[in-house]
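**Q** only geometry, no sequence info:
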């Protein structure tokens, strides 16, 4: 065994380690898993080679031993055919079995590697954790943008016989953990380093599984050629290719069994290795820190999704934050207690499946609790303290992520400091909260709330306005208990209608459909009735929602009219009037566009399915459907953008002043008119609803402010549901 060098030391270490830990005991399940994986590592490649060799041997035997089929004066054509077919079919099968050996793997984005000289405290921390775990030090430490840390071989199979290991650290994870929690995560990964033979066995079998998966599922130009040859060539020759396809299908089915056997065994071993690595985490950080780390990681995962969503919206304005880990950390503060509680409850009820690579959170937490470990690592400060200038490192990793993972040309965007984005994120958070508070789930694609600037200026007397607002407020409050159920039923029906439209489009394009995949009855007559009934259901739900929508709208208008009273009430300034008018002017243009918006949404979703299922051979029905759907998207896009003509994008944009009609359809060019229409329509739907919800949230924020100042109105509890469904 390679000797463990003494850990490096640095001054001002923000952590303290007291005592040592015992190695993880290798239980019978771990030993069983290692044995089964060792057998699989030998057996599965052997069976594969035996299959390839067996087919090759049979082809060779037939080619050399059955030459008599070519002799004689009988039915020579049938004899020649019977001699050649097995050779061609068998040779094709062998080629298809071995061709993945020579396939090139996709290039991975370059990793940002850090050195001991750049980050002495981090490496000193790593050295001490490695010494405690009795694991070899990683030769490379790289950083990425995942909410995770991982241990792996630096040069794949070339590192199996050496301790050439790489530690990958996700900076969003680091930014959200305490020193003790981060040390526990590293101990977990170094626990994998310490597993030696188990880690190597599992790596080999997982690699074999991935290779078998390629054999079973991967299709390329060779498959296309074989399919085309069997259907285009004269049937007397094409039958050979049909038989070859059948042979390839059969061998792939056999390899499918190999794949699942290997996958099941490797998953069993991986779960045991996770328990083994968890032992080191609990011993170093403590059982309590193990539990809190699990909770924090779940929250960071949600925060990362929110941050990425914010950046997607910001990117549409040509602006990106220069510190994604910092933004993700800020977003963790916006994850509400209700969401945290729901995630923890779901984790507590989780079960481990046969083909899960990790034990369930419930099983892992129970094992950590049974350990009752106090932990030898102390350090409650932020994990970022062990980095030299963490912010600079985060900015470097963020830039690399944008360029290599997202393919963004940073010369074409404006990079914003976190301090600037922090204010915007808080403002957007407040806007989002205001929209939830005010509308309580009412804003959907089927229930667009629209108002006009003229309504704001038709302000009644103060007493009449008070009466109108109070009546609308009370009617809205009375209807609230029934609203959520009606909205859910409406959105469910809308989803059914969208799937039905996708199924109709695919059927029109000549595809044979499995109706169950679209949630439709198998019989076409029943499907038609089902779709009609579903649309009647949507109409009925919209009718049931009209009173509450009317009350919400009246309340909304009355609250905004406060800003247009003369003189302005005390506590409500007139400075917001211009902003309200500008935003309402945009909302007003969406009047009479509901049909176009739904039509475009359906066409975009259907066209995307058509592209994903594009046939290899030319098809008139497919071509006509593509063209027809493209023309529909062009009509709807034109109608919507014309309605937005002469309006400017109301929020900050990297390019300064930008017409809203240009912003809504910014997309890549494409030579095919229908595909270009799809790209523009896809961008328009996404940006239009994001913009609509943002505007309505800002107006709701102003409305709530006016209500509380003028009428001392209570703020209703915000719903956590996603309100705007496209």
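**A** Alright, I've got the coordinates. Computed from a predicted structure; not experimentally measured.
**Q** all helices of the stretch 501-650 of the chain, in order?
**A** 524-561, 577-588, 594-612, 620-643 (DSSP state H, counting those that start in this stretch).
**Q** do the stretch 201-350 of the chain as well
**A** Using DSSP H, counting those that start in this stretch, helices in the stretch 201-350 of the chain cover 221-232, 235-285, 287-316, 324-332, 337-349.
**Q** so how far is the third one from its chain's centroid?
**A** When distances are taken as C-alpha atoms, centre = their mean, to the nearest Å, helix 287-316 is centred 13 Å away from the chain's centroid.
**Q** who touches residue 256 in this structure?
**A** Residue 256 is in contact with 212, 216, counting by C-beta atoms under 8 Å, 6 or more residues apart in numbering. Placement of C-beta: from N, CA and C, glycine included.
**Q** before we move on, what about residue 511?
**A** residue 613 are the contacts of residue 511 under C-beta under 8 Å, 6+ apart.
**Q** pLDDT wise, what is it at?
**A** With respect to pLDDT, residue 511 scores 88.
**Q** can you give me the neighbour number for residue 428?
**A** 19 (other C-beta atoms under 10 Å).
**Q** please apply the same query to residue 421.
**A** 24.
**Q** swap in residue 249?
**A** 10.
**Q** quick one: it from residue 88, how far?
**A** 16 Å (C-beta to C-beta, to the nearest Å).
**Q** one more: residue 325?
**A** In terms of C-beta to C-beta, residue 325 sits 57 Å off from residue 88.
**Q** neighbour count winner among these two?
**A** A direct count of neighbours by other C-beta under 10 Å for residue 325 and residue 88 places residue 325 higher, at 31 against 15.
**Q** of all the helices of the stretch 501-650 of the chain, which one is nearest residue 330?
**A** Taking C-beta to C-beta, helix 577-588 is the member of the helices of the stretch 501-650 of the chain nearest to residue 330, at 25.1 Å.
**Q** which helices and strands sit right next to that closest one?
**A** helix 453-457, helix 673-710 (3 or more C-beta pairs under 8 Å, 6 or more residues apart in numbering; DSSP states H and E).
**Q** name the stretch among those that sits most buried.
**A** helix 673-710 (a mean of 21; mean count of other C-beta atoms under 10 Å).
**Q** for the closest residue to residue 247 other than its chain neighbours, the count of nearby residues, please.
**A** Once flanking residues are discounted, residue 247 sits nearest to residue 93: 4.5 Å by C-beta to C-beta, 6 or more residues apart in numbering. Using other C-beta under 10 Å, the number of residues around residue 93 comes to 25.
**Q** can you redo the helices and strands packed on helix 577-588 as a markdown table with distance to residue 194?
**A** Shown next, in a markdown table, are the helices and strands packed on helix 577-588 (distance: least, C-beta to C-beta, whole Å):
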| stretch | distance to residue 194 |
| --- | --- |
| helix 453-457 | 68 |
| helix 673-710 | 47 |
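**Q** between those helices, which gets nearest to residue 65?
**A** Ranking the helices and strands packed on helix 577-588 by proximity to residue 65 (C-beta to C-beta) places helix 673-710 first, at 55.2 Å.
**Q** give me the contact list for the helix or strand encompassing residue 415.
**A** Using DSSP states H and E, the element containing residue 415 is strand 414-416. Residues outside strand 414-416 that contact it (C-beta under 8 Å, 6+ apart) are 314, 318-322, 654.
**Q** ok, and the most crowded of the residues you listed?
**A** residue 321 (26 neighbours).
**Q** how about the spatially closest residue to that residue that is not a sequence neighbour, what does it touch?
**A** Spatially, and ignoring its direct neighbours in sequence, residue 321 is nearest to residue 421 (4.3 Å; C-beta to C-beta, 6+ apart). Taking C-beta under 8 Å, 6+ apart as the criterion, residue 421 is in contact with 314, 321, 327.
**Q** residue 689: which of the residues you listed is nearest?
**A** Taking C-beta to C-beta as the measure, residue 689 lies nearest residue 314 of these, at 16.1 Å.
**Q** separation between the nearest residue to residue 505 once chain neighbours are set aside and residue 594?
**A** Closest residue to residue 505 apart from its sequence neighbours, by C-beta to C-beta, 6+ apart: residue 606 at 3.9 Å. According to C-beta to C-beta, residue 606 stands 19 Å off from residue 594.
**Q** these two - which one has more neighbours?
**A** Neighbours were counted for residue 606 and for residue 594 using other C-beta under 10 Å; residue 606 has more, 25 against 14.
**Q** circling back to that earlier point, pick out the shakiest of the helices of the stretch 201-350 of the chain, pLDDT-wise.
**A** Looking at the helices of the stretch 201-350 of the chain, the bottom one is helix 221-232 with a mean of 68.
**Q** pull out the buried positions in the strand holding residue 415.
**A** residue 416 (16 or more other C-beta atoms under 10 Å).
**Q** what about that strand, distance to the chain center?
**A** 24 Å.
**Q** that strand pairs with which strands, and in what direction?
**A** Strand 414-416 has the following strand partners under DSSP bridges: strand 319-321 (parallel).
**Q** that older thread, you'd agree the residue nearest to residue 505 is up against residue 497?
**A** No. Here residue 606 does not reach residue 497: they are 11.9 Å apart, not a contact under C-beta atoms under 8 Å.
**Q** rewinding a little: roughly how far apart are the residue nearest to residue 321 and residue 500?
**A** In this structure, residue 421 and residue 500 are 41 Å apart, going by C-beta to C-beta.
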